[in-house]
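**Q** Here's a sequence, model it:
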Amino acid sequence: MRKLDFTAALVALAAQGCLDAAPSYDEPQRTPPFIIKSQVIPALNAVVKLAPGESMDISVPFRSEDLGANVLAVAYLDVRPGKPTTAVYLWESPASTFDDLSRTVRGPVSNIGAAGCHTVTLVVSHDFNVRPDRVVDESRADRIVWWVDVKDPQGERTLLDDCITEGVEQP
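**A** Predicted coordinates:
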């Protein structure tokens with residue numbers, strides 16, 4: 001009789017483990033794209049040197065939870081606070097999930113400009129948040145900036161002072 005009670009108790013305990021409620025999962029929330037800056041090419045911590053007319057090949061990995069919204073990357077040339085800007089590159093990716101590690105903005109950025117110092121600002125955001133000349137909501141986008149030195153065909157050197165932009169106060 002004692003052996004039967006033990007077996008019944010064991011079966012009862014096992015049955016309780018099977019009656020747990022199914023786990024619940026929260027619906028994913030859309031997240032702004034974020035750029036994995038340590039993997040960006042060309043590196044962000046050096047001036048990119050180009051010959052006149054040469055393109056800059058970029059590779060910019062990012063992650064985001066899109067919930068059906070496509071992702072756009074737009075490169076702007078020489079962004080100045082309060083001034084109109086020029087989009088020089090546009091890239092689009094279909095919607096995906098945060099777990100997708102293969103997403104990378106790739107391609108040549110051309111039309112960087114005449115000889116001298118320039119900035120190329122790449123903004124990555126969902127398609128509803130990017131316009132050709134601006135980003136609607138900065139909190140829903142990520143951006144990086146490259147400093148680019150387009151060599152002067154006459155051999156003149158670009159000075160760092162030439163890279164200081166309008167609207168930036170110097171000490």
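
**Q** ok but residue 91 is inside a strand, no?
**A** Yes - counting by DSSP: H, G, I helix; E, B strand; the rest coil, residue 91 is located in a strand.

**Q** Please report the distance of residue 103 from residue 26.
**A** 23 Å (Cβ to Cβ, to the nearest Å). The C-beta positions use only the backbone N, C-alpha and C, and glycine is treated the same way.

**Q** Have a look at the two and say which one is more surrounded.
**A** residue 103 (20 against 5; other Cβ atoms under 10 Å).

**Q** what's near enough to touch that one?
**A** By Cβ atoms under 8 Å, 6 or more residues apart in numbering, the residues touching residue 103 are 61, 62, 63, 64, 71, 93, 96.

**Q** Could you rerun that using 7 Å?
**A** Residue 103 sits next to 61, 62, 63, 93, 96 when contact means Cβ atoms under 7 Å, 6 or more residues apart in numbering.

**Q** Let me have these in CSV, adding distance to residue 44 and secondary structure as columns.
**A** Shown next, in CSV, are those (distance: Cβ to Cβ, whole Å; DSSP: H, G, I helix; E, B strand; the rest coil):
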residue, distance to residue 44, secondary structure
61, 13, strand
62, 14, strand
63, 17, strand
93, 21, strand
96, 24, coil
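
**Q** Of those residues - the most surrounded one?
**A** Busiest of the contacts of residue 103 [other Cβ under 10 Å] is residue 62, holding 23 neighbours.

**Q** these two touch, right, it and residue 36?
**A** Yes - if you go by Cβ atoms under 7 Å, residue 62 and residue 36 touch, sitting 6.4 Å apart.

**Q** now, which of the contacts of residue 103 sits nearest residue 128?
**A** Comparing the contacts of residue 103 against residue 128 with Cβ to Cβ places residue 93 closest, at 14.1 Å.

**Q** Backbone dihedrals for the residue nearest the centre of the chain, please?
**A** In the chain, the centroid-proximal residue (Cα atoms, centre = their mean) is residue 35; its distance is 3.2 Å. The phi/psi pair for residue 35 (degrees, to the nearest 10) reads phi -90, psi 140.

**Q** What separation is there between it and residue 95?
**A** Taking Cβ to Cβ as the measure, residue 35 falls 18 Å from residue 95.

**Q** quick revisit: pLDDT score assigned to the residue nearest to the centre of the chain?
**A** What the model reports for residue 35 is a pLDDT of 98.

**Q** for residue 98, same thing?
**A** 94.

**Q** what's the spacing between it and residue 106?
**A** Using Cβ to Cβ, residue 98 is found at 20 Å from residue 106.
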